[in-house]
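In: all I have is the shape, not the residue letters:
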């Protein structure tokens with residue numbers, strides 16, 4: 001198949017002389033060629049089904065051909081150059097940067113269906129970009145979140161001219177992106193609502209700045225009502241505009257429906273190296289996504305180059321926010337920020353320009369160790385020197401709230417009373433994700449009686465945990481289905497209880513305890529073991545601090561409230577209260593497994 005590289009009609013190249021001072025400001029260097037910048041607006045690329053996607057092309061105004069970096073976005077190509085200096089930095093180094101609106105968004109034709117069309121369109125767009133008259137045939141891809149997912153979705157289609165990708169803060173499996181631990185991520189409602197004005201413009205509706213402003217004001221006014229709406233599958237605000245929302249809710253189980261964006265299953269088709277980036281406080285599935293893609297590609301990549309060409313970097317960041325040293329309430333110091341654009345250009349220099357700049361000689365994993373607040377290079381993930389250590393839940397049966405008697409101990413439990421609480425879906429544990437993401441004080445949650453709290457003694461020396469955290473909880477419920485949420489925090493000497501993982505972690509819906517594709521309801525009152533995974537961190541609990549674990553059954557509005565009825569997901573209006581019991585005795589040793597790193601060990 002040939003891809004047409006048509007130049008826009010009656011659109012001249014906009015040429016700007018980039019001065020030495022401007023480049024010094026944008027790129028931190030005055031070395032190398034200073035090209036004039038040529039910008040072609042609205043360059044059309046025709047997909048295999050005849051739909052045209054439009055892109056803005058930033059390129060050196062110089063003879064010859066250059067490697068290209070393709071950025072595909074649902075957030076408007078016209079605004080990308082306003083908030084990102086990457087195109088200018090890349091042009092200075094001799095790259096063509098192509099910023100394209102994905103199908104059905106802003107200038108591009110077609111209907112927008114999140115992630116569902118991106119593999120085919122990604123393949124076609126890479127091949128179209130490689131054929132542009134000023135591109136030398138090599139294409140890389142760059143971007144964060146949705147802009148990272150489209151890179152993987154293109155890569156699993158294996159376009160011949162794709163040479164390397166640099167995905168940031170994105171998932172490895174679409175089903176686990178929408179349903180975390182089997183619970184539905186309610187933030188999708190707000191994300192889709194934000195997309196409605198452009199969807200309406202695509203339908204010919206007159207949506208100007210004033211009506212768009214009113215639209216977003218309506219969200220601020222009604223967000224709690226809409227996020228609380230039941231049944232979820234009848235939510236009216238997206239009807240007629242976002243059919244995919246209702247399709248997602250109609251497929252809560254892991255099934256072939258989700259294959260449209262199953263990156264993990266597609267690793268075996270990927271031929272290119274990838275530099276995976278995420279943050280310890282990256283909300284949603286971005287944090288485990290980077291880890292799972294890194295590990296999956298090392299094991300299953302299509303080619304040796306792809307398997308050996310994987311890198312992973314994790315900083316103390318929230319979602320796509322590596323330019324700030326502050327994540328929530330904590331400032332991790334000046335070393336916490338990095339110049340991701342420059343790192344990506346080093347990556348592309350190696351893979352697109354065959355320039356040995358040393359990046360592949362560096363250890364494949366780079367981690368920011370919170371608490372110590374310093375970067376450390378590692379040879380793999382998880383760390384080979386990890387000592388997985390069990391911290392057992394203990395109490396005399398009154399672990400409710402941080403005022404209770406729950407403790408966290410290295411000693412396994414003896415015969416002791418279990419802990420109980422009542423989960424009422426009409427009075428859920430609420431964590432306000434509308435405020436700043438990142439590190440926060442969890443004490444406002446830990447005072448509730450429907451939260452069981454287990455806290456260690458004060459540490460007599462620093463304790464580093466780096467790697468995957470696993471909870472093994474023995475529990476029963478009076479309900480046929482319910483949720484369990486586990487959080488780990490660092491209790492400072494002043495009582496501040498700092499979360500060390502993002503909100504969407506440590507979650508399991510009981511019906512999916514054994515399989516997310518073949519759910520099974522609970523027998524009320526029966527004791528089950530729940531294994532809760534996909535929690536990652538690198539954090540040092542300082543001497544004098546304490547390690548805390550809390551358990552509850554709701555975390556609204558991050559995840560939907562389980563009604564405890566056992567009915568099909570998203571369809572009912574009924575609510576039941578559930579009595580939850582957590583067991584910790586010799587036969588049921590509930591515990592948290594922490595990846596402890598010996599402090600005197602070498603990297």
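Out: Structure received. Bear in mind the structure is a predicted one, so any value in this text is a computation, not a measurement.

In: any buried residues in stretch 233-243, and which?
Out: Buried residues in stretch 233-243, counted by 16 or more other C-beta atoms under 10 Å: 233, 235, 237-238, 241-242. For the C-beta atoms, the positions are set from N, CA and C on the backbone; glycine is no exception.

In: what's the answer for stretch 482-494, then?
Out: By neighbour count with 16+ other C-beta under 10 Å, stretch 482-494 contains the buried residues 482-491.

In: tell me the mean pLDDT over it?
Out: Averaged across stretch 482-494, pLDDT comes to 97.

In: chain center to it: distance?
Out: Computed by C-alpha atoms, centre = their mean, to the nearest Å, the chain-centroid distance of stretch 482-494 equals 20 Å.

In: likewise stretch 496-516?
Out: 14 Å.

In: next one: stretch 214-222
Out: 26 Å.

In: who's in contact with the most centrally placed residue in the chain?
Out: Residue closest to the mean C-alpha point of the chain, counted by C-alpha atoms, centre = their mean, is residue 286 at 1.6 Å. Residue 286 sits next to 145, 169-171, 278-279, 319 when contact means C-beta atoms under 8 Å, 6 or more residues apart in numbering.

In: re the thing from before, among the buried residues of stretch 482-494, which lie within strands?
Out: Among the buried residues of stretch 482-494, the ones falling in strands (DSSP state E) are 483-491.

In: and the strands in the stretch 101-250 of the chain?
Out: Under the criterion DSSP state E, counting those that start in this stretch, strands of the stretch 101-250 of the chain are mapped to 135-144, 162-168, 179-180, 183-184.

In: can I assume residue 305 sits in a helix?
Out: Yes - Residue 305: assigned to a helix according to DSSP: H, G, I helix; E, B strand; the rest coil.

In: surely residue 352 and residue 66 touch.
Out: No - here residue 352 does not reach residue 66: they are 9.2 Å apart, not a contact under C-beta atoms under 8 Å.

In: show me the common contact partners of those two, please.
Out: Counting by C-beta under 8 Å, 6+ apart, the shared contacts of residue 352 and residue 66 are residue 95.

In: which other residues reach stretch 152-163?
Out: Outside stretch 152-163, the residues that touch it by C-beta under 8 Å, 6+ apart are 67, 72, 115, 118-120, 122-123, 125-127, 129-130, 137-141, 165, 167, 170, 172, 261, 263, 266-267, 269-272, 274, 293, 302, 351-352.

In: can you check stretch 190-199 too?
Out: The contact list for stretch 190-199, computed with C-beta under 8 Å, 6+ apart, reads 74, 76, 104-106, 112, 207, 211-212, 215-216, 219, 223, 226-227, 237-238, 241-242, 245.

In: distance from it to the middle of the chain?
Out: Its chain's C-alpha centre and that of stretch 190-199 lie 20 Å apart, by C-alpha atoms, centre = their mean.

In: distance between the ends of stretch 505-523?
Out: End-to-end distance for stretch 505-523, by C-alpha to C-alpha, to the nearest Å: 26 Å.

In: same question for stretch 221-235.
Out: Taking C-alpha to C-alpha, stretch 221-235 runs 16 Å from one end to the other.

In: try stretch 404-420
Out: 12 Å.

In: show the average pLDDT along that stretch.
Out: Averaged over stretch 404-420, pLDDT sits at 97.

In: what comes up buried for it?
Out: By neighbour count on 16+ other C-beta under 10 Å, the buried set for stretch 404-420 is 404-409, 413, 418-420.

In: next SSE after the one helix or strand residue 72 maps to?
Out: In this assignment (DSSP states H and E), residue 72 forms part of strand 66-73. Following strand 66-73 in sequence order, the next helix or strand is helix 77-83 (DSSP H and E).

In: contacts for that next one, please.
Out: Contact with helix 77-83 is made by 54-56, 58, 71, 73, 87, 99-101, 106-107, as judged by C-beta under 8 Å, 6+ apart.

In: any low-confidence regions in the stretch 401-550 of the chain?
Out: By pLDDT under 70, the low-scoring segments of the stretch 401-550 of the chain are 432-436.

In: for it, what spans make up the strands?
Out: Assigned by DSSP E, counting those that start in this stretch, the stretch 401-550 of the chain shows strands spanning 407-409, 419-423, 452-455, 463-477, 483-491, 497-499, 507-509, 528-541, 546-552.

In: the ones you listed: which one's closest to residue 430?
Out: Closest to residue 430 of those, according to C-beta to C-beta: strand 546-552, at 10.9 Å.

In: coming back round to it: so the strand holding residue 72 versus strand 162-168, what angle?
Out: Angle of strand 66-73 versus strand 162-168, following axes from the mean of the first three to the mean of the last three C-alpha atoms, to 10 degrees, is 40 degrees.

In: parallel or antiparallel, list what pairs with strand 66-73.
Out: On the basis of DSSP bridges, the sheet neighbours of strand 66-73 come out as strand 96-101 (parallel), strand 135-144 (parallel).

In: mind putting those strands into a markdown table with mean pLDDT?
Out: What follows is the strands paired with strand 66-73, written out as a markdown table (pLDDT from 0 to 100):
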| stretch | mean pLDDT |
| --- | --- |
| strand 96-101 | 98 |
| strand 135-144 | 98 |
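
In: deepest-packed of those strands, please.
Out: strand 96-101 (a mean of 26; mean count of other C-beta atoms under 10 Å).

In: before we move on, back to that, ok, of the buried residues of stretch 404-420, which one's closest to residue 587?
Out: Distance to residue 587 across the buried residues of stretch 404-420 (C-beta to C-beta) is lowest for residue 413, with 9.5 Å.

In: can you pull the contacts of that closest one?
Out: Applying C-beta under 8 Å, 6+ apart to residue 413 gives the contacts 392-394, 584-586, 589-590.

In: which residue ranges of this protein form helices?
Out: 20-27, 77-83, 86-92, 118-130, 146-155, 174-178, 187-202, 209-227, 243-249, 263-266, 286-300, 304-308, 340-352, 443-446 (DSSP state H).

In: most tightly surrounded among these?
Out: Ranked by mean neighbour count under mean count of other C-beta under 10 Å, the helices of the chain are led by helix 146-155, which reaches a mean of 27.

In: chain center to it, what's the gap?
Out: With C-alpha atoms, centre = their mean, you get 13 Å for helix 146-155.

In: that helix vs strand 162-168, what angle?
Out: Going by the same axes, to 10 degrees, helix 146-155 makes 150 degrees with strand 162-168.

In: next, give phi and psi for the residue nearest to the residue nearest to the centre of the chain when sequence neighbours are not counted.
Out: Excluding the flanking residues, the one nearest residue 286 by C-beta to C-beta, 6 or more residues apart in numbering is residue 169, at 3.9 Å. With angles defined as degrees, to the nearest 10, residue 169 sits at phi 50, psi 60.

In: tell me, how many residues neighbour residue 169?
Out: Per other C-beta atoms under 10 Å, the neighbour tally for residue 169 reads 29.

In: quick one, what contacts it?
Out: So residue 169 contacts 144-145, 148, 277-279, 282, 286, 289-290, 319-320 (C-beta under 8 Å, 6+ apart).

In: per-residue pLDDT, it?
Out: For residue 169, the pLDDT comes out at 96.

In: returning to that earlier point: nearest to residue 311, of the buried residues of stretch 404-420?
Out: Of all these, residue 408 has the smallest distance to residue 311: 34.8 Å, by C-beta to C-beta.

In: and that closest one, bridged to which residues?
Out: Counting by DSSP bridges, residue 408 forms beta bridges with residue 393.

In: I'd guessed it sits against residue 551; true?
Out: No - taking contacts as C-beta under 8 Å, residue 408 lies outside contact range of residue 551: 11.6 Å.

In: anything in contact with each of these two?
Out: Counting by C-beta under 8 Å, 6+ apart, the shared contacts of residue 408 and residue 551 are residue 454.

In: on that earlier part again, how about the strand holding residue 72: buried residues?
Out: Using 16+ other C-beta under 10 Å as the test for burial, strand 66-73 gives 66-73.

In: go on, stretch 269-283?
Out: For stretch 269-283, the neighbour count (16+ other C-beta under 10 Å) marks 270-283 as buried.
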